[in-house]
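Visitor: structural data only, the sequence is not supplied:
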């Protein structure tokens with residue numbers, strides 16, 4: 001078995017592109033289908049784990065986090081590490097870390113009761129966006145234009161119940177120019193970025209937004225790299241918006257969230273950057289930092 005692994009639970013176009021890039025680079029690697037993986041925490045189990053570096057690509061955040069933490073227990077360096085998944089997989093945790101690092105985000109609030117949520121929403125002012133703290137692809141994201149909308153969404157969350165609906169996470173709806181930005185950071189370098197443009201207020205390619213190349217300005221590169229560093233991200237995508245009302249060190253850019261298992265299938269031809277190859281080169285570089293037989 002190889003010393004490098006790619007962990008996956010579904011092969012999407014992104015994973016196919018990554019496999020092709022690794023094949024071209026020529027370093028042996030294992031394709032590890034995580035649903036079939038069995039790990040035992042004893043000497044025999046440790047001997048059965050040959051990998052020193054692994055790239056985590058699971059669609060399921062729960063599965064990806066669990067296998068990452070398990071492999072870290074055997075000394076495997078997983079990209080991204082478990083603590084990065086925990087931070088990036090929770091929008092509230094991400095925002096708290098960005099705030100602590102002094103990085104710009106939209107005005108954000110969190111509350112833990114429906115009445116308190118409505119009070120906070122009224123205080124922040126409309127329009128706002130209410131989001132689940134855990135989720136992707138723009139699902140369960142609600143636009144609150146007025147009190148009527150806020151009351152309706154809060155009531156729905158309370159009726160649905162469950163721990164995830166007991167947290168009310170809201171952000172100002174930035175008057176962006178019909179697009180947002182996704183910047184790709186690998187090993188502390190912003191290697192490229194795309195605009196995601198849509199007539200809908202949710203500018204996500206999973207919801208039909210169109211990708212186009214975005215010039216990586218010094219301000220964008222600096223903010224993307226600092227945001228990745230704030231969560232200790234090794235291979236991450238930073239989602240940002242442009243606020244024409246704000247100016248400052250980063251020219252009105254605000255960080256929305258950080259993706260720890262980034263999708264890039266629409267971005268390679270758009271940016272001209274071979275993102276999966278850069279991912280593979282970074283992982284192989286980690287392997288080369290330690291002698292064979294030792295964890296990185």
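Guide: Thanks, I have the structure now. Please read all numbers here as calculations on a predicted model, not as lab measurements. Numbers count the residues shown, from 1 in each chain.

Visitor: quick one, phi psi at residue 254?
Guide: Main-chain torsions, residue 254, degrees, to the nearest 10: phi -130, psi 140.

Visitor: quick one, grab the pLDDT at it.
Guide: At residue 254, the model reports a pLDDT of 97.

Visitor: swap in residue 72?
Guide: 97.

Visitor: test my guess that it contacts residue 83.
Guide: No: applying CB atoms under 8 Å, one finds residue 72 not in contact with residue 83, separated by 9.4 Å. All C-beta spots, glycine's among them, are computed from the backbone N, C-alpha and C.

Visitor: just give me the residue right at the centre of this structure.
Guide: By CA atoms, centre = their mean, the chain has its centre lying nearest to residue 259, at 0.7 Å.

Visitor: check what pLDDT the nearest residue to it once chain neighbours are set aside gets.
Guide: Nearest residue to residue 259, sequence neighbours excluded (CB to CB, 6 or more residues apart in numbering): residue 237, at 4.2 Å. Looking at residue 237, its pLDDT is 98.

Visitor: helix or strand for residue 237, which one?
Guide: Residue 237 belongs to strand 235-242 when assigned by DSSP states H and E.

Visitor: for the worst-scoring helix or strand of the chain on mean pLDDT, packing partners?
Guide: Lowest mean confidence among the helices and strands of the chain (mean pLDDT, DSSP states H and E): helix 43-47, at a mean of 84. Of the remaining helices and strands, none touches helix 43-47 by 3 or more CB pairs under 8 Å, 6 or more residues apart in numbering; DSSP states H and E.

Visitor: what ranges does the stretch 51-200 of the chain have for its strands?
Guide: Ranges of strands in the stretch 51-200 of the chain, per DSSP state E, counting those that start in this stretch, are 53-56, 77-79, 108-111, 128-131, 142-144, 168-172, 179-186, 189-197.

Visitor: given the strand holding residue 237, what are its sheet partners and their directions?
Guide: Sheet pairing of strand 235-242 (DSSP bridges) gives strand 179-186 (antiparallel), strand 253-259 (antiparallel).

Visitor: ok and it relative to strand 189-197, angle-wise?
Guide: Going by axes from the mean of the first three to the mean of the last three CA atoms, to 10 degrees, strand 235-242 is angled at 50 degrees with respect to strand 189-197.
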